[in-house]
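Enquirer: kindly generate the corresponding structure for this input.
(one chain, ligands or ions: 1)
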Amino acid sequence: MARLKVAVLISGRGSNMGALLDDCARPDHPAEIVLVISNMTDAAGLQRAQAAGIATQVIVHRDYADRESFEKALDASLRAGGTELICLAGFMRLLTEWFVERWYDRLINIHPSLLPAFRGLDTHERALAAGVRFAGCTVHFVRPAMDAGPIITQAAVPILPGDDPERLAARVLATEHEIYPLAVRLFAEDRLKVEDERVLIDGAQAPAGTLINPLAEI
Ligand code: GRF
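Expert: Okay, the predicted model is just below:
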C-alpha cells in the first residue's frame, strides 16, 4: 500500500522532526516524510533533514508582502509535493483561517503543555509558576485559534522538586519525541476520527493505573 505523504514545517532545532524521520524510516511504516519546509534559513533541522535525504525548502515569511501570500507559497509547495498530512514541529508562525481550513483535519501540531492548559509560549515557566504537579505535551489537530483543536495524543510528566524551565523542558521534550510519532502512525493507519471536536481512536488502549505526585510517604 502507498505510504502517507507527510510534510513537516519547522523554524528551528527540529528535534521533533528528527523523531518523526526516525520513526518513518522503520520498515513497513505507513508514512513517509516527503518534504521539510522551514521559514527560517538557519533552522538547524534543515541540515538534519538533508542528511537523511529528505527534500527541504526554505520559505521565508519576510520575503512576502503579507501573511496570505506567504501561506499561498507554502500551500503551493505542499501541494506540489503531494502532501497528505502536515506536521507543525516548532513552526513559529501563526497560520490563518484560510490555511487551516484548506488543510482541515490534515494539519497537526505538537505543543509542550497538557492542553488546554498553557496555550502559547513559555509553557514550562508558566507551569512552574502555577505550581502544578504535572506538565506534559499534546499533539492535536490545528484549528484557527492558537494551540486549539481536537487532541490526539498526550503525555503527562511529573514536576520534580528543584525543577527549572530547562530541566522540565528536557523531560517533556523526551516524551514529545514519543507522542508525535505515535500520532502520525495512528493518522497514517487511518485510526483517527474527529467527532464533535474530539478524536476517537480506533483500537486505542488507555494506560492502567493513576499517577499521583507527590508519592505518599508510607
Ligand atoms: C517543541 O517543544 C514543540 O512542542 C514546540 O516547539 C518545540 C520545538 O522543538 N511546538 P524542536 O524544534 O522540535 O526541537
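Enquirer: in the helix or strand containing Val6, what counts as buried?
Expert: Here Val6, judged by DSSP states H and E, is contained in strand 4-10. Across strand 4-10, burial judged by 16 or more other C-beta atoms under 10 Å covers Leu4, Lys5, Val6, Ala7, Val8, Leu9, Ile10. C-betas here are computed from N, CA, C, even on glycine.
Enquirer: same check, this time on stretch 59-79
Expert: Quick answer for stretch 59-79 (16+ other C-beta under 10 Å): Ile59, His61, Tyr64, Phe70, Glu71, Ala73, Leu74, Asp75, Ser77, Leu78.
Enquirer: tell me which of these fall in helices.
Expert: Among those, the members falling in helices (DSSP state H) are Phe70, Glu71, Ala73, Leu74, Asp75, Ser77, Leu78.
Enquirer: what sits against the third one?
Expert: Residues in contact with Ala73, defined by C-beta atoms under 8 Å, 6 or more residues apart in numbering, are Ile59, Tyr64.
Enquirer: if I look at it, how far off is His61?
Expert: Using C-beta to C-beta, to the nearest Å, Ala73 is found at 9 Å from His61.
Enquirer: could you look up the SS state of the one residue in the chain that gets nearest to the ligand?
Expert: Residue nearest to the ligand within the chain (C-beta to the nearest ligand atom): Gly90, separated by 2.7 Å. Following DSSP: H, G, I helix; E, B strand; the rest coil, the label given to Gly90 is coil.
Enquirer: mind checking pLDDT for it?
Expert: Per-residue pLDDT puts Gly90 at 97.
Enquirer: distance check, the residue nearest to Thr41 when sequence neighbours are not counted against Val199.
Expert: Excluding its sequence neighbours, the residue lying closest to Thr41 (C-beta to C-beta, 6 or more residues apart in numbering) is Val58, at 5.3 Å. Look at Val58 and Val199: by C-beta to C-beta, they are 32 Å apart.
Enquirer: same question, Glu125
Expert: Distance of Glu125 to Val199, computed by C-beta to C-beta: 28 Å.
Enquirer: who's in contact with the residue at minimal distance from the centre of the chain?
Expert: Of all residues in the chain, the one closest to the mean position by C-alpha atoms, centre = their mean is Ile110, 2.6 Å from it. With contact taken as C-beta under 8 Å, 6+ apart, Ile110 is in contact with Asn16, Cys87, Leu88, Ala89, Gly90, Cys137, Thr138, Val139, Glu176, Ile179, Tyr180.
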